[in-house]
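J.: Got a predicted model here, sequence first, then my questions.
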Amino acid sequence: MEIIQIVGLGLVATILTLVIKEQKPMFAFLLATFTGVMIFLFLIGKIAEVIRVLERLATQAGLNLVYLETILKIIGIAYIAEFGAQITRDAGQGAIASKIELAGKILILVMAIPIITVIIETVIRLLPS
Amino acid sequence: MTYEVNTIFYIAGIGIIVAMIHTVLKQMGKEDWAHWVTLVGFIIVLYMVATFISDLFTEIKRTFLFK
């Protein structure tokens, strides 16, 4: 029942944040950041297990591991970008948060280009010339 | 997990205590001291949070196969 731990942690952190925000908003921000980091660290263990299973399935299926690696990197970029953007937006800097999200999208696009190229080449080869 | 939950209370406690010291010093008329106390407390907490963010990033790098 890890979800109870997570929810309890979130509630406690929220209450403490509300208490401190009156006096020192900076500490409240750091507390919120730290809570986010803790929940992410907690979840990443679970994600690692899922990734192990995916890797095993991919090797069993004889898949090229480059594709799996690219997908994992894309998920990681989405993860970090989302985290940074949420923290930044929480601190009231919506503009910087949007830029972080934009950077995440563009980096994901750059990573996906080899896969897109392979798909398009395959489709072109299938077409009768 | 249990070890890290304490860190939340550390941060909140440092925040409350620093706010208290700030108020007391302000009442005594020592504004500059009050600001230094706030700055030191903030740096301590910032160091803790930065350490944990660094942990998170290394963990993400390890999990998602970034080289």
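T.: Arrived safely, thanks for sending.
J.: in chain A, which residue is closest to the centre?
T.: Note on chain A: the residue nearest the mean C-alpha position is A:Y79, at 0.7 Å, using CA atoms, centre = their mean.
J.: and that residue, how far is that from chain B?
T.: 6 Å (CB to the nearest CB, to the nearest Å). Where C-beta positions appear, they are placed from N, C-alpha and C, glycine not excepted.
J.: three-state assignment of that residue?
T.: helix (DSSP: H, G, I helix; E, B strand; the rest coil).
J.: for it, what are its contacts?
T.: In this structure, A:Y79 makes contact with A:F40, B:I60, B:F64, judged by CB atoms under 8 Å, 6 or more residues apart in numbering or on different chains.
J.: quick one: the helix or strand harbouring A:G36 to chain centroid distance?
T.: Using DSSP states H and E, the element containing A:G36 is helix A:25-60. For helix A:25-60, the gap between its own C-alpha mean and the chain's C-alpha mean amounts to 8 Å (CA atoms, centre = their mean, to the nearest Å).
J.: which strands and helices sit next to that helix?
T.: In terms of contacts (3 or more CB pairs under 8 Å, 6 or more residues apart in numbering or on different chains; DSSP states H and E), helix A:25-60 is packed against helix A:2-21, helix A:65-90, helix B:2-27, helix B:31-63.
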